[in-house]
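Enquirer: Compute the structure for the input listed below.
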Amino acid sequence: MSWTDERVELLRKLWLDGLSASQIAHELANGITRNAVIGKVHRLGLSGRVKSAAPASSRPRPKTMRPAHMRASGLSMRGNTALALKPQMLEAPQPIEEIVIPISEMVTIMELKESMCRWPVGDPTSAEFRFCGAKKAAIGTGPYCPYHSRIAYQPLQERRRDRERERRMQKLA
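Expert: Numbers count the residues shown, from 1 in each chain. Here you go, the predicted structure:
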């Protein structure tokens, strides 16, 4: 495969007529690939093209449905805002009410049983370190009581929202 002067001229003509690189490669044939056409167009510095008035196919195209956020707005959907969503108000997370664990319920590691909450309370290096010891919700639901489960296992959406809030706060600081 070589680019003769005749092939280069034909390439320029077909490119400016609006043919695609695949169509041009098919016209030129003899070992010229779509990628070879694209490379040559780039090296020649050809950029401007004439847009054809009618689609290449005589068959009418089916109408495609755009997402509602793209249909309603008359704004340009290009660049880094192309996939931007409308801001939505999120409801504030429900505060988890604080519970007070009676000292009598808290247990040491030696007193801990399978049915007890394993939430650590206090400093592990101190002699007063204990575990919650409250009754777990059900066997097989995790190591914590219902209260500590809500703290330990947050839904993914809430974690993402919290991370985004932290990032915004860091940018402001």
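Enquirer: hey, C-alpha coordinates of the helix ranked longest in the chain in PDB?
Expert: Criterion DSSP state H: the longest helix present in the chain is helix 156-172. Taking Å, rounded to 0.1, in the frame of the first residue of the first chain, the C-alpha atoms of helix 156-172 are listed here in PDB:
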ATOM      1  CA  LEU A 156     -24.200   3.400  50.300                       C
ATOM      2  CA  GLN A 157     -26.100   6.600  49.300                       C
ATOM      3  CA  GLU A 158     -25.700   8.100  52.700                       C
ATOM      4  CA  ARG A 159     -22.000   7.400  52.700                       C
ATOM      5  CA  ARG A 160     -21.500   9.000  49.300                       C
ATOM      6  CA  ARG A 161     -23.500  12.000  50.400                       C
ATOM      7  CA  ASP A 162     -21.300  12.300  53.500                       C
ATOM      8  CA  ARG A 163     -18.100  12.000  51.500                       C
ATOM      9  CA  GLU A 164     -19.300  14.700  49.000                       C
ATOM     10  CA  ARG A 165     -20.200  17.000  51.900                       C
ATOM     11  CA  GLU A 166     -16.700  16.500  53.400                       C
ATOM     12  CA  ARG A 167     -15.100  17.300  50.000                       C
ATOM     13  CA  ARG A 168     -17.100  20.500  49.600                       C
ATOM     14  CA  MET A 169     -16.200  21.500  53.100                       C
ATOM     15  CA  GLN A 170     -12.500  20.900  52.400                       C
ATOM     16  CA  LYS A 171     -12.600  23.000  49.300                       C
ATOM     17  CA  LEU A 172     -14.200  25.900  51.200                       C
END
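Enquirer: what's the average pLDDT for it?
Expert: Averaged over helix 156-172, pLDDT sits at 80.
Enquirer: now do stretch 32-42
Expert: Averaged across stretch 32-42, the pLDDT comes to 89.
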